[in-house]
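Peer 1: how would this look folded up:
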Amino acid sequence: MLQYLRDSFRRKTARRITKEYPAIIETLKLENEGLIEFANWDNPLVKRIEITQSQIDFFRQFISKGDLVIDIRANIGDTTVPMGLAAGKEGTTLGFDPNPYVFKIFEINASLNKDRTNIIPIPCAISASEEEFYFISSEASFANGGISPTKESIHGKFICEQKIKGVNLAEFLERDYGSQLDELSFIKIDTEGYDKEIIKSISDLVLKRKPVIVAESFGASSDEAKMELFQVINQKGYDIFYFEDFDVNAKIRKVENKEEMVEWKQTINIYATPIESPLTY
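Peer 2: Numbering: from 1, shown residues only. Next up, the predicted model:
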């Protein structure tokens, strides 16, 4: 009972008072990887994350050693680290996150497992053009939130005064990673309803390079927005699949048409593979 009261007090404090919470570095022993390190965020509003072998194996279906892979809205690195292990030290894993508070934990995760990963943390949002944003949250500890061009935002009332840079992904890659674009194999996007706009902004890149795309169909989005997400991807020559979780054994279902997207009222993940890809099944 006493521990429950302490945890409840910590959660209430995190919702109302802005403070930084440290990383807790853990060592995990996985069946095939052996020992790996992962930093959780000791924010009482954030659930502890545990990297699993089946999660890494999910990404290995699409990512090979030496690939260039991208995680847009990386958070603390819960998907970036498995992606980085799949791409290996000889590959390049770029992780973008605009939240200054969570980014500090992500930087720590990028610094771990350096003998097996090459993760590069980038403190930027992805936008149609280069511009600046505010990061705004409904919680004082910035456990969640989103970007906004003004201080008035649906994301909440807690505003990070440090402005966030937005970059166009295609232009950024051409400028800084142009020599590696032939190895681009995988892009994961998780931006709470903004995913389709990001895909639109990199249309030429997607059409030319045909990476596997993971995106989120945001539960709060309108039916029209969910169907548009399907169309934006499908029209570029992709098959689209619902998947239950980032787990190699997770339930998968092919989404045959845009109307099926509205069957899910909650937030779901989808992945898309080029129609001619041997990974399409």
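Peer 1: did I read that right, Glu216 in a strand?
Peer 2: Yes: Glu216 forms part of a strand when assessed by DSSP: H, G, I helix; E, B strand; the rest coil.
Peer 1: quick one: contacts for Glu260?
Peer 2: Glu260 sits next to Phe230 when contact means CB atoms under 8 Å, 6 or more residues apart in numbering. In this view, the C-beta of every residue, glycine as well, is placed from N, C-alpha and C.
Peer 1: Got the confidence number for Thr18?
Peer 2: Here, the pLDDT recorded for Thr18 equals 89.
Peer 1: contact partners of stretch 229-238?
Peer 2: Against stretch 229-238 from outside (CB under 8 Å, 6+ apart): 195-196, 199-200, 203, 206-207, 210, 213, 215, 217, 221, 240, 255, 257-258, 260-261, 270, 272-276.
Peer 1: Which of the residues you listed are buried, as a PyMOL select command?
Peer 2: In PyMOL syntax, the buried subset of these is picked out as below (16 or more other CB atoms under 10 Å):
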select buried, resi 195+196+199+206+210+213+215+217+221+240+255+258+260+261+270+272+273+274
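Peer 1: what are the ranges of the helices in the stretch 51-200 of the chain?
Peer 2: Ranges of helices in the stretch 51-200 of the chain, per DSSP state H, counting those that start in this stretch, are 53-60, 80-87, 100-111, 169-176, 195-201.
Peer 1: ok, how many other residues are close to Leu94?
Peer 2: 26 (other CB atoms under 10 Å).
Peer 1: Verify the stated contact: it with Gly77.
Peer 2: No: taking contacts as CB atoms under 8 Å, Leu94 lies outside contact range of Gly77: 12.0 Å.
Peer 1: returning to what we had before: could you dump the helices of the stretch 51-200 of the chain to CSV with mean pLDDT and distance to Pro22?
Peer 2: Below are those laid out as CSV (pLDDT from 0 to 100; distance: least, CB to CB, whole Å):
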stretch, mean pLDDT, distance to Pro22
helix 53-60, 98, 24
helix 80-87, 98, 18
helix 100-111, 97, 9
helix 169-176, 95, 30
helix 195-201, 94, 31
